[in-house]
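>>> Provided below are the primary sequence and the corresponding predicted coordinates.
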Amino acid sequence: MDIVRLRGTGVSPGIAMGEALLPRRVVFTSRKEAISAAQVEDEMRRLRRAVDRTRADLVRIKENIREKTGRENAFIFDAHLMILEDPALVSGIESAIREEMVRAEWALSKTNTRYEQLFESFADDYFRQRKSDVSDVLTRVYRNLEAGRGKEESPARLHILVAHELLPSEAALRLSKKLTLGIALDMGGQTSHTAILARSLSVPAVLGLRDVTRSVREGDFVIVDGSDGEIIINPPPAVRREYQAKKEKYEAYGRELKKTAKLKSVTLDGVRFTPMANIELPEEVPMAVSLGAEGVGLFRSEFIYLQRETLPSEDEHFEVYSKIARGAHPHPVTIRTLDIGGEKSLPRLNIEKEPNPALGLRGVRFSLRNKGLFRIQLRAILRASERKNVRVLVPMVTEVEEIAEFKDLFEEVKADLRREGKGFDETIPVGVMIEVPAAAALTDLFLKEVDFLSIGTNDLIQYFLAVDRSNEPVSYLYKPLHPAVLRLIRSVLLAARKAGKDAAVCGEMAADPLAAIVLLGFGLRTFSMNPIFIPRVKKALRSVESKAAERIVEEMMKLGSAREIEEYVIEEILVRHPDVFLTGPVSEAGPKT
Ligand code: PEP
Ligand code: MG
């Protein structure tokens, strides 16, 4: 048999191997079946019955999942119940039946296509992927049009799930049964529900494989390498053995990381540091805490907007922020105000196409231009601050005037809440992101105005080095260890220390163990990152002496290139602390810094 390898996006690390299972897909009809006027009421009844059955299914599955895997995974079904209860959805199908006099199947099929086209037209990847939630609900209703057809197929054997697209509820259900060892899908990416769920349940997954369903047949032996984003179909015994060894190594590594998550966050010479999580959904908080996060260093609030079809209300904002604040309590939670614009577009906000979005109306610039929208968000953040563990963080600031304008607005919003008798934390800390070189140069002045800083190295490096790292021909120039970048970051951290104020790094640089040691040497104590990288960074920081890191960076700063710096630091660290870098599949799949 030929061995076939396919590359996709590794969204949940680890290795899984086993027999492929390809679930049958529900195919919406392409036949427009007409009915008579007398049959319209019958079709409406069929539709309503299917909606009722779907509601009952969703409630049942939700309970089931909650019992088996905990509350955080049941949230998908709350979202689905909300979609099902959305009057616009069902009434749209009803009017198609009534006005076009067609069978419910056709009306559902048409509605599904309409939503698919709508979601696909959105530029934002995350938002585009939400189409599967609506599709999921409509598929269930479709199945339920015929009594007895709503039943899920339930494979009784361990398997690798291979499918075109996995509806979120299907993913939750299948994963909860613990029979799915790994997942390989044609569709999907890092931010799809399946990805989030697979990560939180530690099931290796590779998505976005494009035509895996055509390459794999039921019963084929499949290896899913979620760390390297690859799947291998029908490998010969030698390759199986190779991956079995990789799997064991990964699992041993995982056990080591889990142990690390519970250990104290102190360096070898007793200096305390704080690992924190960058999150995009409140549901990520429990996993982040279990991986050792001591708070949320960055909540990217734009995801609240990206998840909805309409603009979120104040209460919807409030619910999300409260959930995060509750989940992370007593640790602090840093809510970043809307950072839309740049590469993160949002069709509903009608942002005009800009010739150069990275240099355009993004972050706080957008919010200050849209104060009505900004007030709603600020009211909700304040209302969620009653537990006194919420901080507010403003993105893309480039001048002192923006901070002043923000603070004026914030004070007005506070005054409104006081007038309305609504409680909030009167001492809520305000911080700014340092992600534009101008902000880095003005750190001392900014610090007179704010309580803390968070250095967003993702943007700071791209603006400082004039390199878009997603642009292939120049991406090799994107170097976090570039001496100019290091000088800049050091100056920011120095200014914060002088002012006696907190500074964190929340860009991906903080997730790289080597870079984290350099930052420790510069005096950084708060490292915020994608939670899955916390254990390896914690392990690295626990293995070094901060005094040694300080001495190493002092020497390092005399070097003139990123390559020399990297070589020098690795050598110096390894001489003193040979076990500092846990080499394992997760670190290989980590962010490239
Ligand atoms: C950053 O720029 O480093 C950052 C953390 O913000 P984002 O990645 O959301 O732009
Ligand atoms: Mg940024």
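The structure has been received and is ready for your questions. Ligands and ions are numbered 1, 2, ... in the order given.
>>> Who are the contact partners of Glu566?
Leu481, Leu514 (C-beta atoms under 8 Å, 6 or more residues apart in numbering). Glycine gets a C-beta too; all of them are placed from N, C-alpha and C.
>>> Give me the residues contacting stretch 20-35.
Applying C-beta under 8 Å, 6+ apart, the contact partners of stretch 20-35 are 43, 101-103, 105-106, 108-109, 112-113, 139, 142-143, 153, 155, 157, 159-164, 170, 184, 213, 216-222.
>>> Could you pull out the buried residues of that stretch?
By 16 or more other C-beta atoms under 10 Å, the buried positions in stretch 20-35 come out as Ala20, Leu21, Leu22, Pro23, Phe28, Ile35.
>>> Could you tell me the end-to-end distance of that stretch?
Using C-alpha to C-alpha, to the nearest Å, one end of stretch 20-35 lies 41 Å from the other.
>>> distance between that stretch and the chain's centre?
Counting by C-alpha atoms, centre = their mean, to the nearest Å, stretch 20-35 is centred 32 Å from the centre of its parent chain.
>>> same deal with stretch 471-481?
Chain-centre distance of stretch 471-481: 23 Å, with C-alpha atoms, centre = their mean.
>>> Give the rounded mean pLDDT of that stretch.
In this model, stretch 471-481 has an average pLDDT of 87.
>>> about what we covered before: now, the contacts of stretch 20-35 that are in helices?
Using DSSP state H, the members of the contacts of stretch 20-35 that fall in helices are Glu43, Glu105, Trp106, Leu108, Ser109, Asn112, Thr113, Thr139, Tyr142, Arg143, Glu170, Thr213.
>>> And the residue lying closest to the fifth one once chain neighbours are set aside, its phi and psi?
The shortest distance from Ser109 to any residue that is not its chain neighbour, by C-beta to C-beta, 6 or more residues apart in numbering, is 3.8 Å, and that residue is Phe28. With angles defined as degrees, to the nearest 10, Phe28 shows backbone torsions of phi -70, psi 140.
>>> how near is Ala510 to Val518?
For Ala510, the distance to Val518 equals 11 Å [C-beta to C-beta, to the nearest Å].
>>> Correction: the previous question concerned Asn112.
Relative to Val518, and taking C-beta to C-beta, Asn112 is found at 51 Å.
>>> do the same with Pro535
The spacing between Pro535 and Val518, counted by C-beta to C-beta, is 19 Å.
>>> next one: Ile76
40 Å.
>>> who's more crowded, Ala510 and Val518?
When neighbours are counted by other C-beta atoms under 10 Å, Ala510 and Val518 differ, and Ala510 comes out ahead with 29 against 25.
>>> Can you give me the distance of that one to ligand 2?
13 Å (C-beta to the ion, to the nearest Å).
>>> Help me confirm that that residue is found in a helix?
Yes. Under DSSP: H, G, I helix; E, B strand; the rest coil, Ala510 falls within a helix.
>>> Quick check: nearest residue in space to it, chain neighbours excluded?
Ranked by C-beta to C-beta, 6+ apart and with sequence neighbours excluded, the top spatial neighbour of Ala510 is Phe527, at 4.3 Å.
>>> got JSON lines for the buried residues of stretch 20-35, with distance to Met556 too?
Formatted as JSON lines, the buried residues of stretch 20-35 follow (distance: C-beta to C-beta, whole Å):
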{"residue": "Ala20", "distance to Met556": "49"}
{"residue": "Leu21", "distance to Met556": "52"}
{"residue": "Leu22", "distance to Met556": "53"}
{"residue": "Pro23", "distance to Met556": "53"}
{"residue": "Phe28", "distance to Met556": "60"}
{"residue": "Ile35", "distance to Met556": "76"}
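>>> Quick check: the farthest pair among those residues?
Ala20 and Ile35 (40.5 Å; C-beta to C-beta).
>>> For Gly431, give the beta-bridge partners.
Under DSSP bridges, the beta-bridge partners of Gly431 are Leu393, Phe452.
>>> Next up, the contacts around it.
Applying C-beta under 8 Å, 6+ apart to Gly431 gives the contacts Thr334, Arg391, Val392, Leu393, Val394, Val450, Asp451, Phe452, Leu453, Ser454, Asp502.
>>> Tell me the spacing between the residue nearest in space to the middle of the chain and ligand 2.
By C-alpha atoms, centre = their mean, the mean C-alpha position of the chain lies nearest to Glu280, the distance being 4.7 Å. Counting by C-beta to the ion, the gap from Glu280 to ligand 2 is 13 Å.
>>> excluding its backbone neighbours, what's nearest the closest residue to ligand 2 within the stretch 201-350 of the chain?
Nearest residue of the stretch 201-350 of the chain to ligand 2, counting by C-beta to the ion: Asp339, 6.3 Å away. Distance criterion C-beta to C-beta, 6+ apart; nearest residue to Asp339, sequence neighbours excluded, is Pro395 at 4.1 Å.
>>> Please apply the same query to Glu105.
The nearest residue in space to Glu105 (C-beta to C-beta, 6+ apart) is Thr29, at 4.6 Å.
>>> Quick check: pLDDT value at that neighbour.
80.
>>> Likewise for Val90?
According to the prediction, Val90 has pLDDT 88.
>>> Tell me if it really is in a helix.
Yes. Counting by three-state DSSP, Val90 is found in a helix.
>>> Just give the number of residues close to it.
16.
>>> That one against Val51, yeah?
Yes. When contacts are counted by C-beta atoms under 8 Å, Val90 is listed as touching Val51 (6.1 Å).
>>> Overlap of the contact sets of those two?
Between them, Val90 and Val51 share these contacting residues under C-beta under 8 Å, 6+ apart: Leu84.
>>> related to what we said a few turns ago, what is the nearest of the contacts of Gly431 to ligand 1?
Checking the contacts of Gly431 against ligand 1 with C-beta to the nearest ligand atom, the nearest one is Ser454 at 7.6 Å.
>>> Just the pLDDT at that closest one, thanks.
On the pLDDT scale, Ser454 gets 98.
>>> related to what we said a few turns ago, thought the residue nearest to the centre of the chain was touching Val296?
No. Using C-beta under 8 Å, Glu280 makes no contact with Val296, being 10.6 Å away.
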